[in-house]
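Colleague: Structure of the sequence below:
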Amino acid sequence: MASRNKNHRSRTVQNPGPRPTRVRNARKKEVDGITFRSLLEVFCYRKLKESGIASEYETKKYVLFKGMHYGSNRYEDNGKTGYKDKKDHKVRDITYTPDFIDPEGKWIIECKGFANERFPLKWKMFMKLLMEQDDPPVLFMPRNQKQILQTVEMILELTAPTK
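Modeller: Predicted coordinates for the structure are as follows:
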């Protein structure tokens, strides 16, 4: 039988309190009048700015799936109103807003320390949407500061004037 760490204490959360933020372990921070959702995004913003790379933060929302009305009865329970017919309720759009985009559309950066459960599906839908364009942008998904530095170097190479 495995020994148990005596300092470890199991606890049951009776009242979990407010819902957690959508980004795990992220801390919001304001820099230059922009409120970033994580410190990794702040690091990325500063490195792009230091390198003279123009970027826009969370300015473009992509619709991955257009909302609709389901034409027949559909019974659902949202946890608040009980199990009821939601026929008259619209199925909402599925949208995605990347962190940093190139104003010229050459690249997109999504800083992703920890992904939530729905992100991988949204990311695949986003890539499919971009592939429908004539000239899709280069995508970057750095997960740490080292990868952000690599991303900045690759963007500098990508946007360097050709001789």
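Colleague: use CA for all of it now, contacts and neighbours both
Modeller: OK.
Colleague: Could I get the full set of strands for this protein?
Modeller: For the chain, applying DSSP state E gives strands covering 29-31, 34-36, 56-57, 62-65, 68-69, 75-77, 83-85, 90-91, 94-96, 100-101, 107-109, 138-140.
Colleague: which non-adjacent residue is nearest residue 37?
Modeller: residue 28 (4.5 Å; C-alpha to C-alpha, 6 or more residues apart in numbering).
Colleague: Against residue 140, how distant is the one you found?
Modeller: Using C-alpha to C-alpha, to the nearest Å, residue 28 is found at 21 Å from residue 140.
Colleague: For whichever helix in the chain runs longest, list the C-alpha coordinates in PDB.
Modeller: The residue-count maximum for a helix in the chain (DSSP state H) belongs to helix 145-159. Coordinates of each C-alpha in helix 145-159 appear next as PDB, following Å, rounded to 0.1, in the frame of the first residue of the first chain:
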ATOM      1  CA  GLN A 145       8.200  33.400 -22.800                       C
ATOM      2  CA  LYS A 146      10.900  31.500 -24.700                       C
ATOM      3  CA  GLN A 147       8.400  30.600 -27.400                       C
ATOM      4  CA  ILE A 148       7.300  34.200 -27.600                       C
ATOM      5  CA  LEU A 149      10.900  35.300 -28.200                       C
ATOM      6  CA  GLN A 150      11.100  32.700 -31.000                       C
ATOM      7  CA  THR A 151       7.800  33.900 -32.400                       C
ATOM      8  CA  VAL A 152       9.000  37.500 -32.500                       C
ATOM      9  CA  GLU A 153      12.200  36.400 -34.300                       C
ATOM     10  CA  MET A 154      10.100  34.400 -36.900                       C
ATOM     11  CA  ILE A 155       7.800  37.400 -37.500                       C
ATOM     12  CA  LEU A 156      10.800  39.700 -38.000                       C
ATOM     13  CA  GLU A 157      12.100  37.200 -40.600                       C
ATOM     14  CA  LEU A 158       8.700  36.800 -42.200                       C
ATOM     15  CA  THR A 159       8.200  40.600 -42.500                       C
END
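Colleague: Could you check that helix and say which residues are buried?
Modeller: Buried residues in helix 145-159, counting neighbours by 16 or more other C-alpha atoms under 10 Å, are found at 145, 148, 149, 151, 152, 155.
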